[in-house]
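1. My questions concern the predicted model and sequence given below.
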Amino acid sequence: MCVSKVNDNRCKMINRSKLGKAVRGVLTRAKVERRLICGLLPAIAYLEKTPDDVVICVLPQTRPGDATTHIQTVLLQAFCYENYIPVIQVNSSEKLADYCGVSSKTGCNCAIIVKDPAASPTTPDDEIPLSPTEKILADFYECTLEEFPRPVIELPI
């Protein structure tokens, strides 16, 4: 994915109030399709080997006073930015853990969605197509690159 000039019409069409459900749907579908990697260390290990296979990175807001996780998250965001991987921030590590099927007591401090190996590009230079919902989240990321503070998506129950 290449970050270029943002199409204002595309950005205006994104309904931000429905993005939480979109994130939940993308995570649930990726989990069923075995394309979901949850946890900071497994995500970093996967990114280290094959960053081109990552479609989206989902990160919850870090808790105040958790300096270690905050530093790891900032470095992960920078890595994703350098590799053109959209980073979606969400409001709850517990809800993210629920969607990923991980213990909600510990929470989930990172989830990445990888490309579907069954989907193949038509030519070697083409990218593997994203699902419509993944495309909406990628567009949202591109449309909000210059927003500060970065928008945080509220996850539904």
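-> Ah, there it is. Numbers count the residues shown, from 1 in each chain.

2. Mind listing residues that contact the longest helix along the chain?
-> Criterion DSSP state H: the longest helix present in the chain is helix 67-82. Helix 67-82 is contacted by residues 40, 43-44, 47, 51, 54, 57, 59, 62-63, 85-87, 109-110 when judged by CB atoms under 8 Å, 6 or more residues apart in numbering. In this view, the C-beta of every residue, glycine as well, is placed from N, C-alpha and C.

3. Report the buried members of those.
-> Neighbour counting over those (16 or more other CB atoms under 10 Å) leaves 40, 43-44, 47, 54, 57, 59, 62, 85-87, 109-110 as the buried ones.

4. Now render the residues you listed as a markdown table, adding secondary structure, distance to residue 72 and pLDDT.
-> Converted to a markdown table, the buried ones among the contacts of helix 67-82 look like this (DSSP: H, G, I helix; E, B strand; the rest coil; distance: CB to CB, whole Å; pLDDT from 0 to 100):
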| residue | secondary structure | distance to residue 72 | pLDDT |
| --- | --- | --- | --- |
| 40 | helix | 6 | 86 |
| 43 | helix | 10 | 92 |
| 44 | helix | 8 | 91 |
| 47 | helix | 12 | 94 |
| 54 | strand | 16 | 95 |
| 57 | strand | 13 | 97 |
| 59 | strand | 10 | 95 |
| 62 | coil | 9 | 81 |
| 85 | coil | 16 | 95 |
| 86 | coil | 19 | 96 |
| 87 | strand | 13 | 96 |
| 109 | coil | 8 | 88 |
| 110 | coil | 8 | 93 |
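
5. and the two most separated of those?
-> Across the buried ones among the contacts of helix 67-82, no pair lies farther apart than 54 and 62, at 20.3 Å, counting by CB to CB.

6. any idea of the mean pLDDT in stretch 24-31?
-> Confidence for stretch 24-31, expressed as mean pLDDT, is 95.

7. buried residues in that stretch?
-> Of all the residues in stretch 24-31, those buried under the rule 16+ other CB under 10 Å are 24-27, 29-31.
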